[in-house]
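after the sequence you'll find the predicted model.
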Amino acid sequence: MDRVLKVRNLSKRYSKGCPVCYLKTGPDFDSNICPDCGSVVAAHDVSFDLYAGEILGIMGESGSGKSTAVKCLYFDQEPTGGTATFYDQGEAFKLFELNKAEQRRLVNQRFGMVYQNPHQGLNFEISAGGNIAERLLMSDVDNYDRIRQRAVSLLTRTEVLPERMDEMPKNFSGGMQQRVQIAKSLATNPPLLFLDEVTTGLDLSVQAAILDLILEIQQQSHTAMIVVTHDLGVIRLLADRTLVMKYGRVIETGLTDQILEDPQHAYTQRLVASAL
Amino acid sequence: MTEQAILRVEGYCKQFVLHEQLKVIPSSHNVDLEVFSGSLTALVGPTGAGKSSVLKGIYRTYLPSAGCLNYTAADGRDIDLAKADEHRILQLRRDEIAFVTQFLRFLPRQATEDVVAQPLVQRGRPLEEARALARDMLAAMNMPRRLWGISPATFSGGERQRVNLARGLVAKPRLLLLDEPTASLDLKTSDLVVGLIEKLKQEGVAMLAIFHQPELVKRVADRVVELKPPIMTDSPLEEIA
């Protein structure tokens, strides 16, 4: 099996911090705010491997640092420490040592990101098809007909009527906007896809359809995915392996069925026991 | 030459540490067993003796508390399933070890034939080919054809169990774990399953199965391992640990 991503000791701290920030925060202190200097330790010492075709779940409540970890990997935020290596087409990229241009190339072509809020992932000033075209243009596809063809096939695949491709995203329902976002993220066939709370806030039936779509993509294209969610149902359905985070730390990691049926940490036990 | 077991369990223990209640719940205790290719080892014993915990420990749905679960993989290498890397376990689940539980898990809206075809698709078989094999398996299970195209969501217990069995058997695993495979089946279907188990034996599949009916054990088991219930205790965590 091929490794796609190797993350070691990833940390993100807001503001300058002090020498005891990491020692006095975390699940043992029930806080991610340093008592001495007041810095927020959003994530600390996060390590994991991701293989081709694998779906890794990152689970935790709000404020656990799960989104922060992913945002650092997608260059939305700058990490305070740690390393991350992305393996692609025979090359290894040290993510946190790349310059802006190199980062942009990965984001535009080799990574896909689907945000909880479609406003973050889509440009609402241009049409659904335009959003996809924008991503294709940034990755060197510049023939008008080919772009249009590809947009039609992506929207069809994500079950958005191609007749609506010239409409603005604001005319779409929440579930549809999410589908357009997924279509856009898939435009360049990225080997790595980040999904941040993508079904949160959607109707249950819409959630199920989106999750179906994600699994179908994984089975067809063998895309490696990191799924960030607070929803145990999403984890159960999608993830092969799961990291559980609390106050910025990974407190437990394992095969998803093991995490759900035989959780080891007190917090995970409580989380699983309180699921509906 | 004496044949070597492909799975050798030595001193397997499983207990659950419930932090919230400061309790340790014992389940399996000091289990030894062997499973051979083309042969079935039956796990018997009263409810609560930790039979399912043994199967779940081997499949790593449970993290074993103690003991070795030595498995000889298709590539000839020995692996302790209790300690193996998660990616290795995922690969074994995909290629070699199947688990038929009493509960059927499936995706919403997925057609029965696709639920059954899933293990083949995961191994890289083209969808149409996998579906054809899944249909053969469903036919062998006597599943009415009209049910193949719809989701198992509305199925009866017996129908679900047959879907579950079909999915476990379709990809011909090297090691098959069966948790009461005939529990909710009528006599006729139960006989059918016994026939399939016999066929799998001839094909060299190693099986470890939990049974409750003694006459079934007599019919299909080559070895029998009896588990006794653990000694229950109500003492709080500090006194045990």
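Arrived safely, thanks for sending. Numbering: from 1, shown residues only, chains lettered A, B, ... in the order given.

give the buried residues for stretch A:191-205.
Using 16 or more other Cβ atoms under 10 Å in any protein chain shown as the test for burial, stretch A:191-205 gives A:191-199, A:202. In short, each C-beta sits where N, CA and C put it, glycine included.

which strands or helices does the strand or helix carrying residue A:184 pack on?
Secondary structure from DSSP states H and E places residue A:184 in helix A:174-186. Applying 3 or more Cβ pairs under 8 Å, 6 or more residues apart in numbering or on different chains; DSSP states H and E, one finds that helix A:174-186 contacts strand A:111-114, helix A:118-121, helix A:128-138, helix A:144-157, helix A:204-221.

mean pLDDT added to the ones you listed, as CSV?
What follows is the helices and strands packed on helix A:174-186, written out as CSV (pLDDT from 0 to 100):
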stretch, mean pLDDT
strand A:111-114, 95
helix A:118-121, 94
helix A:128-138, 91
helix A:144-157, 89
helix A:204-221, 84
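
I'd say residue A:245 and residue A:59 touch.
Yes - between residue A:245 and residue A:59 there is a contact under Cβ atoms under 8 Å: 7.1 Å.

give me the common contacts of those two.
The contact sets of residue A:245 and residue A:59 overlap at residue A:66 (Cβ atoms under 8 Å, 6 or more residues apart in numbering or on different chains).

the longest helix in chain B is where?
helix B:187-202 (DSSP state H).

given the helix or strand following the helix holding residue A:184, what are its sheet partners and their directions?
Counting by DSSP H and E, the element after helix A:174-186 in chain order, helix or strand, is strand A:192-196. Sheet pairing for strand A:192-196, assigned by DSSP bridges, gives strand A:111-114 (parallel), strand A:224-229 (parallel).

quick check, residue A:198 in contact with residue A:113.
No - counting by Cβ under 8 Å, residue A:198 stays clear of residue A:113, with 10.0 Å between them.

ok, now which ones touch the closest residue to residue B:7 other than its chain neighbours?
The shortest distance from residue B:7 to any non-neighbouring residue, by Cβ to Cβ, 6 or more residues apart in numbering or on different chains, is to residue B:35 (4.1 Å). By Cβ under 8 Å, 6+ apart, the residues touching residue B:35 are B:5-7, B:41, B:175, B:206-208.

dump the residues you listed to a markdown table, plus distance to residue B:181 and pLDDT.
Formatted as a markdown table, the contacts of residue B:35 follow (distance: Cβ to Cβ, whole Å; pLDDT from 0 to 100):
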| residue | distance to residue B:181 | pLDDT |
| --- | --- | --- |
| B:5 | 21 | 95 |
| B:6 | 20 | 96 |
| B:7 | 18 | 97 |
| B:41 | 14 | 97 |
| B:175 | 15 | 97 |
| B:206 | 15 | 97 |
| B:207 | 9 | 97 |
| B:208 | 11 | 97 |
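
which of those residues sits closest to chain A?
residue B:175 (17.1 Å; Cβ to the nearest Cβ).

next, count neighbours for the residue in chain B positioned nearest to chain A.
In chain B, the residue found nearest to chain A is residue B:19; the distance is 3.4 Å by Cβ to the nearest Cβ. Residue B:19 has 15 neighbours, counted by other Cβ atoms under 10 Å in any protein chain shown.

is it in contact with residue A:268, as I believe?
No - when contacts are counted by Cβ under 8 Å, residue B:19 is not listed as touching residue A:268 (9.5 Å).

confirm for me that residue B:59 is in contact with residue B:177.
Yes - if you go by Cβ under 8 Å, residue B:59 and residue B:177 touch, sitting 6.1 Å apart.

overlap in contacts of these two?
With Cβ under 8 Å, 6+ apart as the test, residue B:59 and residue B:177 both reach B:97, B:99.

okay, these two: which has more neighbours?
Each of residue B:59 and residue B:177 has its neighbours counted (other Cβ under 10 Å); residue B:177 has more, 26 against 23.

what secondary structure does that one sit in?
At residue B:177 the chain is in strand, as set by DSSP: H, G, I helix; E, B strand; the rest coil.

from residue B:170, how far out is it?
15 Å (Cβ to Cβ, to the nearest Å).

pLDDT score assigned to residue A:268?
Listed pLDDT for residue A:268 reads 94.

and residue B:33, by the same measure?
96.

what do you get for the one 10 residues further on?
At residue B:43, the pLDDT value in this model is 96.

phi, psi of it?
phi -100, psi 120 (degrees, to the nearest 10).

quick check, it in contact with residue B:51.
Yes - in this structure, residue B:43 is within contact of residue B:51 by Cβ under 8 Å, at 4.7 Å.

give me the common contacts of these two.
Common neighbours of residue B:43 and residue B:51 (Cβ under 8 Å, 6+ apart) are B:210, B:227.

what residues are up against the residue most central in space within chain B?
Centroid-nearest residue in chain B: residue B:177, 2.4 Å away (criterion: Cα atoms, centre = their mean). Counting by Cβ under 8 Å, 6+ apart, residue B:177 makes contact with B:55, B:58-59, B:97-100, B:207-209.

possible to save these as TSV with distance to chain A and secondary structure?
Formatted as TSV, those follow (distance: Cβ to the nearest Cβ, whole Å; DSSP: H, G, I helix; E, B strand; the rest coil):
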residue	distance to chain A	secondary structure
B:55	12	helix
B:58	12	helix
B:59	8	helix
B:97	13	strand
B:98	14	strand
B:99	10	strand
B:100	14	strand
B:207	21	strand
B:208	18	strand
B:209	20	strand
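
wait, which of those is closest to residue B:74?
The shortest gap between residue B:74 and any of the contacts of residue B:177 belongs to residue B:97, at 10.5 Å (Cβ to Cβ).

so what sits opposite the closest one in the bridge?
residue B:175.

quick check: it touching residue B:171?
No - using Cβ under 8 Å, residue B:97 is not in contact with residue B:171; the gap is 10.6 Å.
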